[in-house]
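Asks: with the sequence up front, the predicted model follows.
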Amino acid sequence: AQSVTQLGSHVSVSEGALVLLRCNYSSSVPPYLFWYVQYPNQGLQLLLKYTSAATLVKGINGFEAEFKKSETSFHLTKPSAHMSDAAEYFCAVSPQGGYQKVTFGTGTKLQVIP
Amino acid sequence: NAGVTQTPKFRVLKTGQSMTLLCAQDMNHEYMYWYRQDPGMGLRLIHYSVGEGTTAKGEVPDGYNVSRLKKQNFLLGLESAAPSQTSVYFCASRPTGMGATEAFFGQGTRLTVV
């Protein structure tokens, strides 16, 4: 079984401040982990993914995430928030090998305050 | 590049009516998925397909049926719509491969059942 827990359904940050969105996973086998972003009235698009090649993963738009096995975490960060970062962010997990069924978290809405 | 296209984008149904949502992808992906997105619940998998002619149940399949007669198309049917099926529906496709392959999403179909 696999699951992800996103702590905080809503996060507010000031423009220019650090963005930290939390994701903890549960998986019985080594996982692949993903962060997706959803802008209003749009589908999801991939921000970054962890494939076990490196624990620190860099994605688009200045986002990065660090895989910490000991903490079963894959938190998303960005050093300086921009107004255009306001969106909903989803963490997702998929087991390595075989058919890769993807399980999504419940999402975190990021508000950026000017 | 069209990617994943969902038809229609919006629909209002009366309780008991039926309809079919169409998903088409032009990336030759083997895997296709139907999700529903509801506030605070993230994306929940309805049905999925690992190849032409195959379908399988996800976590919330009741009240829905699917078909994958052609590799590029994945249809989601509601035989007798209920207000509980009011949601935003997303189709996604994904290639096979040993690495962590990302899912590509359509723009969504907003369905209201009155």
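Replies: Sure thing, it's come through. Being a predicted model, the structure only gives us computed values, none of them experimental. Numbers count the residues shown, from 1 in each chain, chains lettered A, B, ... in the order given.

Asks: for the residue nearest to B:G3 when sequence neighbours are not counted, phi and psi?
Replies: Closest residue to B:G3 apart from its sequence neighbours, by CB to CB, 6 or more residues apart in numbering or on different chains: B:F104 at 5.7 Å. All C-beta spots, glycine's among them, are computed from the backbone N, C-alpha and C. When quoted as degrees, to the nearest 10, the phi and psi of B:F104 stand at phi -110, psi 130.

Asks: for A:K69, same thing?
Replies: Per degrees, to the nearest 10, the backbone of A:K69 is at phi -60, psi -40.

Asks: tell me the confidence at it?
Replies: Note for A:K69: predicted pLDDT of 90.

Asks: residues in contact with the residue most central in space within chain B?
Replies: For chain B, the residue sitting closest to the mean C-alpha position, by CA atoms, centre = their mean, is B:W34 at 2.7 Å. With contact set as CB atoms under 8 Å, 6 or more residues apart in numbering or on different chains, B:W34 has these partners: B:21, B:23, B:45-48, B:58, B:64, B:66, B:74, B:76, B:89-91.

Asks: try it again at 7 Å.
Replies: Shown in contact with B:W34 (CB atoms under 7 Å, 6 or more residues apart in numbering or on different chains): B:46-47, B:66, B:74, B:76, B:89, B:91.

Asks: neighbours of the residue nearest to B:G3, how many?
Replies: Number of residues near B:F104 (other CB atoms under 10 Å in any protein chain shown) recorded here: 19.

Asks: that one and A:H82, how far apart?
Replies: As for B:F104, its distance to A:H82 is 25 Å (criterion: CB to CB, to the nearest Å).

Asks: run through the strands of chain A in chain order.
Replies: A:2-7, A:10-14, A:19-27, A:31-38, A:44-50, A:56-58, A:64-68, A:73-78, A:87-95, A:103-104, A:108-113 (DSSP state E).

Asks: run through the chain and note the low-pLDDT ranges.
Replies: Going with chain A. Within chain A, the stretches with pLDDT under 70 are A:97-100.

Asks: I was thinking of chain B, sorry if that wasn't clear
Replies: Ranges of chain B meeting pLDDT under 70: B:1, B:97-100.

Asks: cool, thanks, signing off.
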